[in-house]
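**Student:** Fold the stuff below for me.
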Amino acid sequence: MSLGKKLTGHIVPDIKVAAKIVSEAADFACLCQDGKIVLLNDAAMRLLGHENAPSAGTVGEHFNTLVHGADRWTLSSWWRSPADSATPGLGARCHCRLGTLETGWHSLELTCAYHWVGEHQYEIIFGRNTSTTHAPETKPEPRDGIIQPGLDVMRNAAVLRRERVKRRWAERNVRRLAYQDHLTGLINRACFQLRLKNTLRHSERFDRSVILLVINIDQFSHINDQIGSHAGDMVLQQVGQRIRQCMRATDTVARLGADEFAVLVSNSKAAKIIDSLAQKIIAKIAEPFDIDGQSLNISCRIGATLYPTDGKNAETLQKNAHTALSRAKHLGAGRYQVFDAALNEQVRLRRQLEDELSAAIANDQLVLHYQPQVDIVTGELCGIEALVRWQHPERGLIPPVMFVPIAEASGLIFPMTQWVMKAACSDLKRCIDIGLVIERVSVNLSANLLQHNDLIGMINRTLKETGLPAKRLEVEITESMVMDDIEKSSVTLNELYLLGIGLALDDFGTGYSSLTYLRQFPLSTLKIDRSFITEMCENAEDIAIVRAVIMLAHSLHLRVIAEGVEEEKQLQILKQENCDQVQGYYYSRPLPLSDLIRWCNARETARIRQRSHGDEIRSAG
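**Tutor:** Numbers count the residues shown, from 1 in each chain. The predicted model follows:
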């Protein structure tokens, strides 16, 4: 068995079609990824002298290593970069010598086709041997006692015809492979680029508008991880079919990448139908999927742009569509966004903030403010919640709502949380060292972090570096954070509990409000969302909800903290309902560490004076 056939069994599924074309080619054929050899066929192995002793040594090397040193310069203009290879099909021809010093060199005429799988580029290289070598002269063999000199010529001609047919078959398959996504049967990214440019030229000539939609499947990676890649493939196939069902026969539907599709519509009323078309696709994909007897609910997000309103060339339109898609991802599942100039400015500002945030974390431009958590009966300080702010050198103090989502989307949330965790633990340790009585500091965790592999290690290292006991630290999570992977979340939360760290469930009542989580996870604190506290004085239903939450939490031995307390009336109602602790502007806004220390000292001074005054009154009596 040849090396080519051996390797085909180890080719990743997305390029098995390309590998089959290479393996069955009659002449020299090679499959490369970004120039590095993935597969050589039988003819290539014979040319390299590996026919009798197959070796995988060539695989993984750059294709240039097969080329004679004097001829490598000819490949520089022939070998296209990924940016230049969007157009599929067989490219220009190149003549060079291939082989090795041991086996000799052979002159080949090379052609190359480009195949995209997601974001990866593969090259399929064919070579026709043009070496002027001749077979040794042989006498024609007699047949039935008669010498037939023309028989060998006829036999050779038949062989040449078969080889020519094989070569044409390979070239046809390469062109089909270069234009089609083999999984969904839709056209691929390379072909879509051609269609888009041709559609724009046609629309410019006949004064028509064009809609470009870019469609992204929500949480597709979770389908692959939790159900399997086979189920993921079936979802992609059905998504492609559903999008196709929403379109006319003349419209273009393509799969651009792993979970990304595109739609191209040329219509004189494009501006009027763009919203209804996006809504139609979202509704169609939202219908339940039947995957091997299992029902799945899937959503998508869409970025839309319009020619000629938003741009007049393919590059601009695609950039605008992806800009709109990026905005749609922040709006939530099952949403779409139509591009406009203001959106482009928002994206530009967002990218600028992302770059500046990375520098801010490194240069200690972040600051922490602390909001006190007070015992509702005694009025004593129990804990503090750490709230991060960004002290921008030009924009001033930036609230977390403006930069935390950017950190989550850009991958900066982990280093930012690491900074917050270390600063909060260090500040509480300092407060304890100077004699302040503060039981704990609470730090909010982002949804992206609960499944992070190094979360536990990072917290453990922080506690050791700062010297803060684990029982003094509490982390706050929300219900929605545990929904992505309940099993993994449960493991992480139990590891935190075993370290001695407190766990608080934040914003209870605004999410799933599942009793399962209260029983399943090792929680220590339940925080009632401020939305119930704000309306409590005017709405009896909110009082009933608050009462039920407090009773439920106490039955599970959980501490209850009410957020957003700003008025005396709210405080009195919470006292009547036996709430444990409160935080809000009634006692204090979030304070920098220096102001927090002064606030604590002032309250302690006032308490001492009040106690002394009481003693004087009793003595006088």
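
**Student:** Quick check on residue 369: phi, psi?
**Tutor:** Listed backbone geometry of residue 369 is phi -110, psi 150, with angles given as degrees, to the nearest 10.

**Student:** residues contacting it?
**Tutor:** For residue 369, the contact set (CB atoms under 8 Å, 6 or more residues apart in numbering) comprises 386, 387, 389, 590, 591, 592. Just so you know, the C-beta spots here come from the backbone N, C-alpha and C atoms, and that holds for glycine as well.

**Student:** Pick the one among these closest to residue 200.
**Tutor:** residue 389 (46.7 Å; CB to CB).

**Student:** Could you list the buried residues of the longest strand seen in the chain?
**Tutor:** When the chain is scanned for its longest strand (criterion: DSSP state E), the result is strand 104-117. The neighbour-count check on strand 104-117 (16 or more other CB atoms under 10 Å) flags 105, 106, 107, 108, 110, 111, 112, 113, 114, 115, 116, 117 as buried.

**Student:** Low-confidence bits of the stretch 1-150 of the chain, can you list those?
**Tutor:** Counting by pLDDT under 70, the stretch 1-150 of the chain has low-confidence residues at 1-14, 51-57, 77, 79-92, 116-119, 131-150.

**Student:** Show me the strands in it, by range?
**Tutor:** Assigned strands in the stretch 1-150 of the chain, in chain order: 28-33, 36-40, 94-100, 104-117, 120-129, 142-143, 146-147 (criterion: DSSP state E, counting those that start in this stretch).

**Student:** Residue 315 is nearest to which of the ones you listed?
**Tutor:** Each of the strands of the stretch 1-150 of the chain has some distance to residue 315 by CB to CB; the shortest is strand 104-117, at 17.2 Å.

**Student:** where do the strands sit along the stretch 251-400 of the chain?
**Tutor:** Assignment of strands within the stretch 251-400 of the chain using DSSP E, counting those that start in this stretch yields the ranges 252-255, 260-267, 289-291, 294-296, 300-307, 336-338, 366-375, 381-392, 396-398.

**Student:** who does the third one pair up with?
**Tutor:** The strands beside strand 289-291 in its sheet (DSSP bridges) come out as strand 294-296 (antiparallel).

**Student:** Over to the second one?
**Tutor:** Partners of strand 260-267 in the sheet, by DSSP bridges, are strand 209-217 (antiparallel), strand 252-255 (antiparallel).

**Student:** Make TSV out of the ones you listed and add distance to residue 243, mean pLDDT and mean neighbour count.
**Tutor:** Supplementary listing: these in TSV, determined by distance: least, CB to CB, whole Å; pLDDT from 0 to 100; neighbours: other CB atoms under 10 Å:
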stretch	distance to residue 243	mean pLDDT	mean neighbour count
strand 209-217	7	93	23
strand 252-255	5	93	23
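
**Student:** Please identify which of the ones you listed is closest to residue 70.
**Tutor:** For those, proximity to residue 70 was assessed by CB to CB; strand 252-255 is nearest, at 42.5 Å.

**Student:** Now, of the contacts of residue 369, which are buried?
**Tutor:** A residue is treated as buried here by neighbour count (16+ other CB under 10 Å); on that basis the buried members of the contacts of residue 369 are 386, 387, 389, 590, 591.

**Student:** Return the per-residue confidence for the last one.
**Tutor:** Looking at residue 591, its pLDDT is 95.

**Student:** Could you do the second one as well?
**Tutor:** pLDDT for residue 387: 95.

**Student:** For beta bridges, what are the partners of it?
**Tutor:** So, taking DSSP bridges as the rule, residue 387 has residue 369 as bridge partners.

**Student:** Against residue 476, how distant is it?
**Tutor:** 11 Å (CB to CB, to the nearest Å).

**Student:** now the last one
**Tutor:** With the distance defined as CB to CB, residue 591 ends up 18 Å from residue 476.

**Student:** What of the fourth one?
**Tutor:** Distance, residue 590 to residue 476, by CB to CB: 14 Å.

**Student:** what stretches of this structure score poorly on pLDDT?
**Tutor:** Within the chain, the stretches with pLDDT under 70 are 1-14, 51-57, 77, 79-92, 116-119, 131-178, 344, 482-485, 509-517, 612-621.

**Student:** and it, what are its domains?
**Tutor:** The chain is divided into the following domains under automatic domain parsing: 3-132+150-179, 189-339, 363-607.

**Student:** Can you get me the start-to-end distance on the second one?
**Tutor:** The reference is to domain 189-339. Taking CA to CA, to the nearest Å, the first and last residues of domain 189-339 lie 21 Å apart.

**Student:** distance between it and the chain's centre?
**Tutor:** The gap between the average C-alpha position of domain 189-339 and the chain average comes to 17 Å, counting by CA atoms, centre = their mean, to the nearest Å.

**Student:** which parts of the helix or strand residue 572 falls within are buried?
**Tutor:** Element membership of residue 572 [criterion: DSSP states H and E] is helix 568-576. By neighbour count, and taking 16+ other CB under 10 Å as the criterion, the buried residues in helix 568-576 are 570, 571, 573, 574.
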